[in-house]
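Colleague: Have a look; sequence and predicted model below, questions after that.
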Amino acid sequence: MPEVISAPKYTDELLQLFREKGLALTMDEIAARLHLSKKTLYNIFTSKRGMVKAVMEVFFADVKRKMEKSRGAGDDAIGELLKSGAILQRELSRLRYPFIRDMLKYYKDLLTFSDPSGLCYQMLKNNLLYGMKCNLYRKVADADVVLSFFTSNLDSIYSSAKIDDYFNRLESIHSELMEFYLYSIVNDQSRILLESYLKK
């Protein structure tokens, strides 16, 4: 019986290839790198989009695991969000410029922060609800409006028109945006706690 080849077997190697070369590769070039025939490659991934989607699903699953692993038992909502935000920013920067640029050009919907089912939006929503429950954040009338405002700003930064200008400054832009977001949601009693985190 022939071996059944599954997509996860190749996602790590594909991620490394896309980091190095971006997405301007032919299916022939990708097949050669994976030591597969083009026909076999199409049997595993029906299209380049399917391939990129599989790679990004594995990438975001790994980011989620790292976020969960970073949480300590005594972490408050502010510290938790700052840690998770730093992990997300670090991992996104590791995708490297050619890959991010091409993702935004060809498959923008696979790197959209304002998608309510996506990792970033869900992480922020869970954190916002946790922070309100613990009385660190203001009670907001509509969490989705607050989150849409913040995540659509991330989408704006990660747009094909702006990524050329922003890529080398993503760490400082992420930090500044996170600080702005936190100051907009913490209640008056939590500002001192937030400031103590930001001084570190």
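Modeller: Sure, I can see it.
Colleague: any idea how far residue 118 is from the residue at minimal distance from the centre of the chain?
Modeller: Centrality entry for the chain: nearest residue to the mean C-alpha point is residue 88, 5.4 Å, by Cα atoms, centre = their mean. Residue 88 is 11 Å from residue 118, where distance means Cβ to Cβ, to the nearest Å. For every residue, glycine as well, the C-beta is placed using N, CA and C.
Colleague: same deal with residue 20?
Modeller: Residue 20 is 25 Å from residue 118, by Cβ to Cβ.
Colleague: neighbour-wise, which of the two wins?
Modeller: In terms of neighbours (other Cβ atoms under 10 Å), residue 118 is the more surrounded of residue 20 and residue 118; the figures are 16 against 12.
Colleague: check contacts around residue 125.
Modeller: With contact taken as Cβ atoms under 8 Å, 6 or more residues apart in numbering, residue 125 is in contact with 116, 143, 144, 147.
Colleague: let's go with 6 Å and repeat that
Modeller: Residues in contact with residue 125 (Cβ atoms under 6 Å, 6 or more residues apart in numbering) are residue 147.
Colleague: which regions of this protein sit below the pLDDT cut-off?
Modeller: 1-7 (pLDDT under 70).
Colleague: where do the strands sit along it?
Modeller: Shown for the chain, no strands are assigned by DSSP state E.
Colleague: where along this protein do the helices fall?
Modeller: Per DSSP state H, the chain carries helices over the ranges 8-21, 27-33, 38-44, 48-70, 77-94, 97-106, 119-133, 143-157, 163-166, 170-185, 191-199.
Colleague: And for the longest one, what's in contact with it?
Modeller: For helix 48-70, contacts defined as Cβ under 6 Å, 6+ apart pick out 7, 11, 14, 15, 45, 83, 84, 87, 91, 107, 110, 119.
Colleague: separation between the third one and residue 102?
Modeller: In this case it means residue 14. With Cβ to Cβ as the criterion, residue 14 and residue 102 are 13 Å apart.
Colleague: Please verify my assumption that residue 178 contacts residue 86.
Modeller: No: using Cβ atoms under 6 Å, residue 178 is not in contact with residue 86; the gap is 8.4 Å.
Colleague: More neighbours: which of the two?
Modeller: Each of residue 178 and residue 86 has its neighbours counted (other Cβ under 10 Å); residue 178 has more, 19 against 16.
Colleague: Distance check, the more buried one against residue 118.
Modeller: Taking Cβ to Cβ, one finds residue 178 at 17 Å from residue 118.
Colleague: what do you get for residue 33?
Modeller: 28 Å.
Colleague: residues near residue 74, how many?
Modeller: Other residues near residue 74 come to 6 when the count uses other Cβ under 10 Å.
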